[in-house]
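> everything below, folded, please.
(2 chains)
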Amino acid sequence: MVVNLWLVFRVLVFPGFTSILFFTMFCDWVERKIEARMQNRVGPAFTGPAGILQPFADVVKLLTKEDIVPAGAKRTVFRFAPILSFSFVVFAFCFLPIDGAAVIPNSSFAGDLIFIMALITIANFFLFLSGWASANPYGEIGATRVLTQFLGYDIPLILLALTPAFIAGSLSISAIAANQYLPFALLAPWAFVLFIITLQAELEKDPFDIPHAESEVVGGLETEFCGGKLAFLRLTRDVQIVFGAALVVELFLGGPYGPVFFGLPQFWYFLWFVLKLLAVVVITEYVTCLFARLRIDQVLSANWKVLLPLSVLSLALTVAVATWIYPLMV
Amino acid sequence: MKILLETNKNAGIVALTGLDLGKTIGLMYHMYTNGVIVTVRTEVPKKKPKIQTITDLIPGAQFHEREVADLFGVIFEGHPNPARLVLPDDWPDNLYPLRKDAKIDEALAKNETAPSKAEPTPAQNEGDLVNIIIGPQHPALLEPEKFSLKVDGEIVKQVEPRIGYVHRGIEKAAEQRTYLQDVYLVERICGICNSCHAACFVETVEKILGVEVPLRAQYLRTIILELNRLHSHMLLLGHAGLEIGYETLFQYMWRDREPVMDLTELLTGNRVISSAMTVGGVRRDLQETDVPKIKTRMATLNKKMDFYHKLFENEPSLKMRTQNVGVLSKEDALKLCVVGPVARGSGVAIDVRKDEPYEAYGEIPFNMITRDEGDSWARLIVRLDEVNESINIIDYALDHMPSGPFRIKVPRVVTAGEAVNHVEAPRGELFYYVKSQGTAYPERVKVRTPTFANIPAFIKIAEGGNIADVPPSFVSLDPCFSCTDR
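Numbers count the residues shown, from 1 in each chain, chains lettered A, B, ... in the order given. Predicted coordinates for the structure are as follows:
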């Protein structure tokens, strides 16, 4: 019974659902603040100290709004796709070792890296479905753009995720994180840089935020959504961004592991995880502010003509230099 | 007209003015050739107002003819697309608002009670072509106007514009106000280039009156007009950033534009609608203490522009989105009679400030910026360079500011006569025609705004391009719809 309560606490409170949710909102605030300061703006400033509660207020506000399903929309899909998409990303989160162990203890298995990649793809697919079901031309164009983009960028992303898996000799994300006495970002910097770029495209951030080009497709797949469903779509996007950053931390920056000074190791692991994750968020946000949005054909050709060959090369390079990397790992 | 076009390949149409002459309707084709406006007059009977179209000679005349057909009921035979342009679809037939005998209130009251005409059926998708409608409400457009794009995949095949959503009947309203009131009325045609409208109008009236404005007033007007150009160009350059998803550029540019707005307020007392022009001069004099304030801010701005030059010339993602996008060749630019930075971006060297100097422009040295690329990027770079030129003009004008009165008294009643005038607004050549009957009220005020002349160019550059290229190529024309509709 005690064990079960502990499990429930882990899944629902810490480091599970509630923590992930609040941490996502915190990251959203950090992102907005960084972007605002880089663009010479103030950013959120009024809700809570330095506007830290603004993302929370936004979600609460959306939840209180009227929820309209447009006539002609596929009602069931329209209603459930945003929630399903959100759930899949949070579910994928449960396999990441956040405080030293996965959210559900002992849930990690030999191939969970592939499994969580699949979960993310499914989550993206539900996002596509939600736009497709909304019976709006802008929603449909936005949805097809999401589909084209993530289908393309999934391939280099997985290829690049294989680099740390190869060095660590395991497809289990916990094992990869635990094996990094030296972060893989230092051992294989080429894969790290490419992974961040690909992630930028996968997360639909500038210069790759084609599905959100409001001057072309209005709100993209969100166009017809309002109220709670829009809140879930927004949350999905934010959780995806945090998840992407978390993936970088686990695969390239040594996961939650770091020096433990005193007391509970869980506390220190969580702290290291948060700090590393924020560092990744700062990098992606910096890139976002630097560039203009590319065109869909430019984004796609950048993927197939540049990133895909480069990711294959990166994997080949890793294999070639592996004999020199292994001694560095101990 | 034909001879004019054949002898000078740079000739084009500026405007087509309709005029109610009682029994007949006068048509004035204002053509430009070598910087001079030549007006060709003709008349058609009001009972049977038919005339041959000139669109086969000048494709750029299409919109002008459609507008006159709307407002005066003149039928242009052989016009390729004689649909309504500025009036709403449910406007009663045979009611031509700019005819003097039009009983508008009566006809509109009747129209209210009559069953309204069915909304035009939304165009159906034809085969592989998908209809995408941009506007009247759309995030890419800050003002309401409608563009129907026929799209094959991601490629735009055909563009059909529909303007008139913000038609406020200003030309008609101007006939019912005095000349002094009209200065404030025309200023409200466009919030951004307001000083240019006011300046062009007062210059036209001064031409009819035959008065010479004091030199100091001319210099002050020049400074106000250049501040206007500065803020308009910087607004557009920032807005272009927004359209290509470059929010950082947008925020930076608009931050640096703020001092220009402050200076406009310092000089005229108003931040946006400056209300500085009046017939016979300007309304406020420049304080000697303000001169150093303006000069330091201009110097700071000049320094900051170096950063933007570097950015526009080196930033890869910005260049990927704007270079070779929306290319308008020099030949097309001439054929479609485009004006301003759009023409200069295609290598057509026209600038009213050089061609027919007004105010103090004849005495101030400055360069005319042209680029030969003809793409969206070139049009933005032209504006970026013109910002520097404007700063230099303001500096020069402040250094050489003559002393003397800044305003002279002019009679309220304007002698009978007529005049045309054009100035270089930020978006291009702005044209006014004013006719006076010897009263305090003008008989006719005709306004041809730069965007009205540039919309045919949008159709040209959008067709055959990518959908994603529509926003950047559109914004590079710096469209202003409240100008267009009047």
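
> ok so residue A:176 is a helix residue?
Yes - according to DSSP: H, G, I helix; E, B strand; the rest coil, residue A:176 belongs to a helix.

> phi, psi for the residue nearest to it when sequence neighbours are not counted please.
Among residues not flanking residue A:176 along the chain, residue A:168 sits closest, at 4.4 Å (CB to CB, 6 or more residues apart in numbering or on different chains). Placement of C-beta: from N, CA and C, glycine included. Per-residue torsions, residue A:168: phi -80, psi -20 (degrees, to the nearest 10).

> same question for residue B:15.
phi -160, psi 160.

> that one contacts residue B:449, doesn't it?
No - no contact is recorded between residue B:15 and residue B:449 when judged using CB atoms under 8 Å, the distance being 9.7 Å.

> ok so, going back, ok, now how distant is the residue nearest to residue A:176 from chain B?
Distance, residue A:168 to chain B, by CB to the nearest CB, to the nearest Å: 35 Å.

> try residue A:208
Shown here: residue A:208 relative to chain B, a distance of 10 Å by CB to the nearest CB.

> does that residue belong to a helix, a strand or coil?
Classification of residue A:208 by three-state DSSP places it in coil.

> what about the closest residue in space to it that isn't next to it in sequence, how many neighbours?
Counting by CB to CB, 6+ apart, the nearest residue to residue A:208 once its immediate chain neighbours are dropped is residue A:201, at 4.0 Å. Counted by other CB atoms under 10 Å in any protein chain shown, the residues lying close to residue A:201 total 24.

> give me the nearest residue to whichever residue of chain B sits closest to chain A, chain neighbours excluded.
Of all residues in chain B, residue B:245 sits closest to chain A, at 2.6 Å by CB to the nearest CB. If you skip the residues right next to it in sequence, residue B:245 has residue A:293 as its closest partner in space, 2.6 Å away by CB to CB, 6+ apart.

> try residue B:338
The spatial neighbour of residue B:338 that comes closest, neighbours along the chain excluded (CB to CB, 6+ apart), is residue B:457 at 4.6 Å.

> the one you found reaches residue B:336, doesn't it?
Yes - taking CB under 8 Å as the definition, residue B:457 is a contact partner of residue B:336 at 5.2 Å.

> how about the stretch 151-300 of chain A: which residue is closest to chain B?
Nearest residue of the stretch 151-300 of chain A to chain B, counting by CB to the nearest CB: residue A:293, 2.6 Å away.

> can you tell me the SS state at that residue?
Under three-state DSSP, the three-state class of residue A:293 is coil.

> OK, contacts around it?
For residue A:293, the contacting residues are A:206, A:207, A:208, A:209, A:210, A:213, B:244, B:245, B:246, B:317, B:321, by CB atoms under 8 Å, 6 or more residues apart in numbering or on different chains.

> let's go with 6 Å and repeat that
Shown in contact with residue A:293 (CB atoms under 6 Å, 6 or more residues apart in numbering or on different chains): A:206, A:207, A:209, A:213, B:244, B:245.

> where in chain B is pLDDT low?
Residues of chain B that meet the criterion pLDDT under 70 lie in B:1-10, B:34-35, B:111-130, B:135, B:139-142, B:153.

> around chain A, pick out the residues from it.
With CB under 6 Å from any CB of the partner chain as the criterion, chain B comes near chain A at residues B:139-140, B:243-246, B:248, B:251, B:255, B:317-318, B:320-321, B:468, B:471.

> give the buried subset of these as a PyMOL selection command.
Those of the residues of chain B next to chain A that meet the burial criterion (16 or more other CB atoms under 10 Å in any protein chain shown) are gathered into one PyMOL selection, given here:
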select buried, chain B and resi 139+140+243+244+245+246+248+251+317+318+320+321+468+471
